[in-house]
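okay, sequence plus prediction incoming.
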Amino acid sequence: MLEVKNLVFAYPGQETPWNFNFTVEPGQCIAIHGASGSGKSTLMNLLAGFLEPQSGDILWQDKSIRHLPPWERPMTSVFQEHNLFEHLSVEANIGLGIHPGLKLSPADQQAIERGLQSVGLGNFGKRLPGDLSGGQRQRVALLRAILRQQPVMLLDEPLTGLDSEARDLLRQLLLEQKTQGALIVLASHDEEDRRILADSVCSL
Ligand SMILES: Nc1ncnc2c1ncn2[C@@H]1O[C@H](COP(=O)(O)OP(=O)(O)OP(=O)(O)O)[C@@H](O)[C@H]1O
C-alpha cells in the first residue's frame, strides 16, 4: 500500500501550505483532481522525490520512503516534459528505463519491440525522439515507464493531447497494468480518464 500522511509542502513565500493525505492499494488507480495550479504536479514531484516535503511521510508497504532519493523509490514516472534523450533512438530511450547500462537481454529487446507495436509505433524504434510528434513522444515515455515494471506509476497528464485512437490504446494498456498489480497515481484534467481508470479520487 502507498500511504501519503500529512505531507506538508509550500514553495518559498507561499502562505498556505498543502497538506496531502491518501492511501492506495496495489492494482488500483487514484486520480489527483484539481484546477490548474492546485498542486497536482507538485504532489507528483514530492512522491517522486524531486521535491522535499517540510513534514509528513510517504510509506510504501509500511516503510517510509520519504528520505530515499528518486532512483531508490519503487516508482516510475511520466511527467509532462517526457524527458527523452534526444541523441538516443526510441529503442535506446526505452531500453535505458529497463537497464541503465543498456545491457538488454533478448527478452528485454523483444519486450521493447512488442511494446512499440502495442502503442502503434512498430516501425519507430530506430528513430530519434526529435523525429516524432508530441503524441508519439508521449507514447514512448509511457511505454518506457510501463516496461520499467516498478510497483508505482506516477502519471502527470499522460494522455493529454493524444487523438482518440491513441488515447483508447493507452487507456487499455494502463488498465492491463492495473490488473497486473500496478498502482497508478494519475493527475488528469480529463473526466473520461478518471472514469475509466480511477478507483478513487484525491481532490485538491
Ligand atoms: N518552483 C516553483 N516555485 C514557486 N511556485 C511554484 C513552483 N512550481 C509551481 N509553483 C506554483 O505552485 C502552484 C501549483 O503548481 P502545480 O504545477 O503543482 O499545479 P498543477 O495543479 O499541476 O497545475 P496544472 O494543472 O496547470 O499543471 C502554482 O500556483 C504554481 O505557480
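Arrived safely.

the helices in the chain, which residues?
With helices called from DSSP state H, the chain shows them at 40-48, 90-98, 106-118, 134-148, 164-179, 191-197.

TSV please, covering those helices and showing distance to F22, mean neighbour count and mean pLDDT.
In short, each C-beta sits where N, CA and C put it, glycine included. Below are the helices of the chain laid out as TSV (distance: least, CB to CB, whole Å; neighbours: other CB atoms under 10 Å; pLDDT from 0 to 100):
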stretch	distance to F22	mean neighbour count	mean pLDDT
helix 40-48	9	21	95
helix 90-98	26	21	92
helix 106-118	30	15	93
helix 134-148	21	21	90
helix 164-179	17	16	90
helix 191-197	14	16	92
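
any idea what S200 is bridged to?
I30 (DSSP bridges).

count of neighbours near P129?
20 (other CB atoms under 10 Å).

quick one: contacts for it?
L84, F85, E86, L88, V90, N93, R137, V140 (CB atoms under 8 Å, 6 or more residues apart in numbering).

tabulate the helices of the chain in TSV, adding columns for distance to the ligand.
Output for these, formatted as TSV (distance: least, CB to the nearest ligand atom, whole Å):
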stretch	distance to the ligand
helix 40-48	3
helix 90-98	23
helix 106-118	27
helix 134-148	15
helix 164-179	18
helix 191-197	13
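
many thanks, I have nothing further to ask.
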